[in-house]
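Novice: Just the structure for this:
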Amino acid sequence: MTLLGNGHVLLHSQSDVFFNIPYWIKDNSTPIPGTATKVALGMSTLTASQLQIKNIPKSITHNIIDFQRLVDGHMTVIREKSELIHSELIKGRSQKEISKGVDFSTADAAKIAFDVVHPTHSQLYCTFLFLCKNNMQFVPADTYKLLESSMFRLRPKKEHEQISWIMSQVRQTISGNADSHFTAFLNKSKTLIQWFRTGSTALVERPSINFTAEDKIFINTILQSLSVAQNFPSFERTFSWVHVLKRIAPLYSFYPGEADVILFLKEIGVHAPWENIALHQSTNIGRPSFMFGEEGDLVTQKSDALGRELCVKHNIAVEESVFENADTAVNTEWSVADRFSTQVIAFPSAMNPLSTESKSTKAFYENDIMASSRVDFGQQPVYIIDSSTANELDDGISLEETPQGTWIHIHIADPTAYIPPNHELSLLAQLRGNSLYLPERHFPMMPDYLSSKLMGLDVSSYSLTFSARLSTNGEIIDYKVAPGYIRKPVVTRYDDVDNVLDWSQVYGMDAPRDSVSPWTRTFLDNHISKMSGKATPDANDTASINKIKTTAPVANVLTENDASNLKKLHQFALLHQKHRISQGAFIPDQINASVRVEPHPLPLIYDPKSPLATPDVVMSELELSHLSPSHILVSEMMIIAGRVAAKFCQDHNIPVPYRGQASVFDSPKIQSENQLKKHDTQKYIETMLSTRDQETGILPMSSMLEIIRYLPAGQWSTKPICHSSMGIHGICPLTMRSTADRNLESFGQPPSLSSMTGYVKASSPLRRYNDIMVHWQIKSVFLRKQMHSDPSAKLSKIDTTPFSLNQVTQLIPFLQRSTLTINDMSNRAGRFWKLEWVRRRELMSLHGDAYDPNLLRMVSPRVTKNGSILSAAAIAPLDFKSTAIKTDQVRKQVNVYTAIVVESPELRKNQFARVQVIELGGLRTICEMLDEDGELTPLATVIQCVVEKCDPSMGRLQLKQI
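Specialist: Residues are numbered from 1 along each chain as shown. Down below sits the predicted model:
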């Protein structure tokens, strides 16, 4: 919320703030003479009372106006200094630096413009405004860090010249020049749009129009308008909205926006009609780094080139087509450390103590540096459990009976056996941070073929193994960590393991069906039908998905011995889960379903001459992993691995990122309340948590919806903090051994098991940089042991971990942001394809096609019964509300959706409630509620709905209760 000089209040989110002056109000709290009793006419009584509570005088609005006058005065000065700022910023810099763009701070520009050493607040703000408005020449270095960094970038000369050329073309068009390139581009666009809208089918031939090199400059600028920050001024957006879309009116809105840009790009054939625009859009939290665009292509090509070297080194043949991106004319001999020197957060030290340390290396290991430390697990079966379409198998489990008791082993794939931490491939993985999985495409952290042919647990014998023994109450009473060597991998599937495990302890299995949620009831009924042999064949499996399955590792047939081992492991998993539940862990009874697109991956190149070649969109059945014994088994084993990793790192003083979540009772929202209200809130939360199932820890959706508003966000730390919702305790930093206590004699001593605290993610090193970093850190301990046992070793070179505490601290914000943007992109992509599934389903029923509600596949367009072409490629959003094509009564008989109310209309201050759609895996949207005499619909109420509006490109779905 921002107070304006006229007394009005501007409501906005925190992400809309790009500049602030700390303590400005404190420094300007003294009223301007003669204004102490004057109040702005626009100030409401509510705003006045809020100012009074914060002890801010109401006359502060006059100080704001006075400050604005100062800024306006400075603006007349700085407008004349644009060339001076530009020349001073590039002075003394090489052409190479200038060609990449020169970074500078707002203060740097203010010093130049006003010729001062210490710019005033008004001069800084004026400079900031000037840089924002002059976006043809200056852009933020990173829009999402602009508030904290105040860093801008001088556009590269080539980019600035291109923008100048674009504007010269626009001016020629405005002056009536019919021969300008921009005029020609607009005319071509109009022709293609009209063709698309009048009949984009095989019955109407596409106009013979090709875009020239000049046209592509305009198109690329329009494409860039989607990827710049939505809430920040940009030349690209101004050009797209004002100069392009407004000039082809009335084809688009008079006040065009992002939705019009998306529609324009699809209608002129730049994007496929079904293109997931989430891949190209930016949000207020940014986009995943180094996945897309020119930088993404560079990282992909370089990774492929390095992957080829590693495969050749290990005599592994890889299909040539895999490397087609790397075989383009782009040179891949460049140095990662040089090219991305400012983007790489941490340059780790060399893992091999005998090598010459450098900022980075291009050399892979000549042999296994952990050879003398590896534990050979012999003929122990290692069960690798995953889905039938998975190609990235990075974890397995086994058990071992010993005189001391049963050991559980969690084996994690070991890419660090091949890649040093300071290798260029490692640095490229750091730039991406995570793999990105989308329904239509996959962007791996490292090349896929390395996982499937060299590093995956099913093809490699190397592992990093986390082992534990449990007490009778499920607590970890002993642990071990060691590089491993497995000889007997057993690849199996979740469904196959579910068939041999015990379902008697599954939540809701023995409860009356009307006492559990509709999705739980459906899931359990489907399982019972399957086990009784009454399940119908999967009508959604086709040659396309079967082809995907055939490329996945072949599953083994489970023997009686395998079944026995898996049952024992399952019992240990349940034992550990019950211990966590006793410590406060809870598991929401949440809905989930995935969506896939076939063919997968979708081709990157779209041919607008074939608009009917649309992909199929397939919804999965409900995926309730918290009810599946096999998923519970794997999940619980990975939690054990994370706890063991945390304990190992604590006992050896290894800096790693710990993950956690504060207790709901420590929520800032509760702590900020007065004592009486705080007590009532805490009692209410206790009541909600008491509804948790004591055996499985499942928390009903109704209770979860009540407490979720108080749940603190997840945390990252370099210290072992608690993870309340997982039932994992933290440790006071003062009880940890100091760094000074770390010495060679401590290695090899029995670990202290006084407490098993903290949680570290270490189970997915093939797809998370956080995890592969943890592996390198842990391995440094074993390397120290090996070198200590070698009298000729140079101990000075192995006295530290690859990543220092300072580097881990610097990496944590980046890894947090990477995880956030990856999850956001994945969620938006999933939402797009789920809404596209809905749109096609509604479109088919709209044309009179009978629809099988059990069929989850939405197919390509086809000829309808009346002979017309039904094009699923049509991209106009559905809007039943405005067109009234079908009555509610008719639509009830066709496509009815089941939803659960998660936010009541009262909270939203209108007749709409926020709901989760069960058929769409819990997708959240809004629903127009029936008028029930003004009564409030309780949370977790199940309702029936039909679609009112559906626009996949903008991620919008509106339902109506029936």
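Novice: so where's the stretch 501-650 of the chain uncertain?
Specialist: For the stretch 501-650 of the chain, the stretches with pLDDT under 70 are 534-554, 604-613.
Novice: Which stretches in it count as strands?
Specialist: With DSSP state E, counting those that start in this stretch, the ranges of strands along the stretch 501-650 of the chain come out as 587-588, 595-598, 616-619.
Novice: what's the closest of these to Trp833?
Specialist: strand 595-598 (4.6 Å; C-beta to C-beta). Placement of C-beta: from N, CA and C, glycine included.
Novice: Direction included, what does that closest one pair against?
Specialist: Paired neighbours of strand 595-598 in the sheet (DSSP bridges): strand 616-619 (antiparallel).
Novice: Can I get the strand it pairs with as CSV, trimmed to CA atoms?
Specialist: Extracted in CSV, the C-alpha atoms of strand 616-619 (Å, rounded to 0.1, in the frame of the first residue of the first chain):
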residue,chain,number,x,y,z
ASP,A,616,-3.2,-35.0,-27.9
VAL,A,617,-3.8,-33.9,-24.3
VAL,A,618,-4.2,-36.7,-21.8
MET,A,619,-5.3,-36.3,-18.1
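Novice: Sort out which residues of it are buried, please.
Specialist: Within strand 616-619, the residues scored as buried using 16 or more other C-beta atoms under 10 Å are 616-619.
Novice: now the stretch 251-400 of the chain, which segments are flagged as low pLDDT?
Specialist: Where the stretch 251-400 of the chain drops to pLDDT under 70, the residues are 284, 320-331, 351-358.
Novice: Same check on the stretch 801-950 of the chain?
Specialist: 847-876, 881-894, 905-910, 932-934.
Novice: coming back round to it: out of the buried residues of strand 616-619, which one sits closest to Cys126?
Specialist: Val617 (51.3 Å).
Novice: so what's that closest one up against?
Specialist: Residues in contact with Val617 (C-beta atoms under 8 Å, 6 or more residues apart in numbering) are 439, 595-597, 833, 836-837, 840, 857-858.
Novice: Next one: it from Ser594, what distance?
Specialist: Using C-beta to C-beta, to the nearest Å, Val617 is found at 12 Å from Ser594.
Novice: Quick check: neighbours shared by these two?
Specialist: By C-beta under 8 Å, 6+ apart, Val617 and Ser594 have these common neighbours: Pro439.
Novice: ok, back up a step: name the nearest of the buried residues of strand 616-619 relative to Ile217.
Specialist: Checking the buried residues of strand 616-619 against Ile217 by C-beta to C-beta gives Val617 as the nearest, at 33.9 Å.
Novice: just so I have it, where are all the strands in the stretch 101-250 of the chain?
Specialist: Using DSSP E, counting those that start in this stretch, the strands of the stretch 101-250 of the chain run over 102-105, 138-140, 151-154.
Novice: got JSON lines for those strands, with mean neighbour count, mean pLDDT and distance to Thr47 too?
Specialist: As requested, these are exported to JSON lines (neighbours: other C-beta atoms under 10 Å; pLDDT from 0 to 100; distance: least, C-beta to C-beta, whole Å):
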{"stretch": "strand 102-105", "mean neighbour count": "17", "mean pLDDT": "93", "distance to Thr47": "34"}
{"stretch": "strand 138-140", "mean neighbour count": "22", "mean pLDDT": "92", "distance to Thr47": "31"}
{"stretch": "strand 151-154", "mean neighbour count": "21", "mean pLDDT": "93", "distance to Thr47": "33"}
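Novice: centre of the chain versus the lengthiest helix in the chain, how much separation?
Specialist: When the chain is scanned for its longest helix (criterion: DSSP state H), the result is helix 805-846. How far helix 805-846 lies from its chain's middle: 5 Å, per C-alpha atoms, centre = their mean, to the nearest Å.
Novice: Quick one: residues in contact with the helix or strand that contains Gln944.
Specialist: Element membership for Gln944 (DSSP states H and E) is strand 942-951. Contacts to strand 942-951, defined as C-beta under 8 Å, 6+ apart, come from residues 259, 518, 835, 838-839, 842, 877-881, 888, 891-892, 895-901, 915, 917, 927-929, 937, 956-962.
Novice: try it again with 7 Å
Specialist: The contact list for strand 942-951, computed with C-beta atoms under 7 Å, 6 or more residues apart in numbering, reads 518, 835, 838-839, 842, 877-881, 888, 891-892, 895-901, 927-928, 956-962.
Novice: Stretch 91-107 too?
Specialist: Contacts to stretch 91-107, defined as C-beta under 7 Å, 6+ apart, come from residues 89-90, 119, 124, 127-128, 131, 141, 150-158.
Novice: Put the buried members of those residues into a ChimeraX selection.
Specialist: The ChimeraX selection below is limited to those of the contacts of stretch 91-107 classed as buried (16+ other C-beta under 10 Å):
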select :89,119,124,127,128,131,141,150,152,153,154,155
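Novice: Is His679 located within a helix, as I assumed?
Specialist: Yes. Counting by DSSP: H, G, I helix; E, B strand; the rest coil, His679 is found in a helix.
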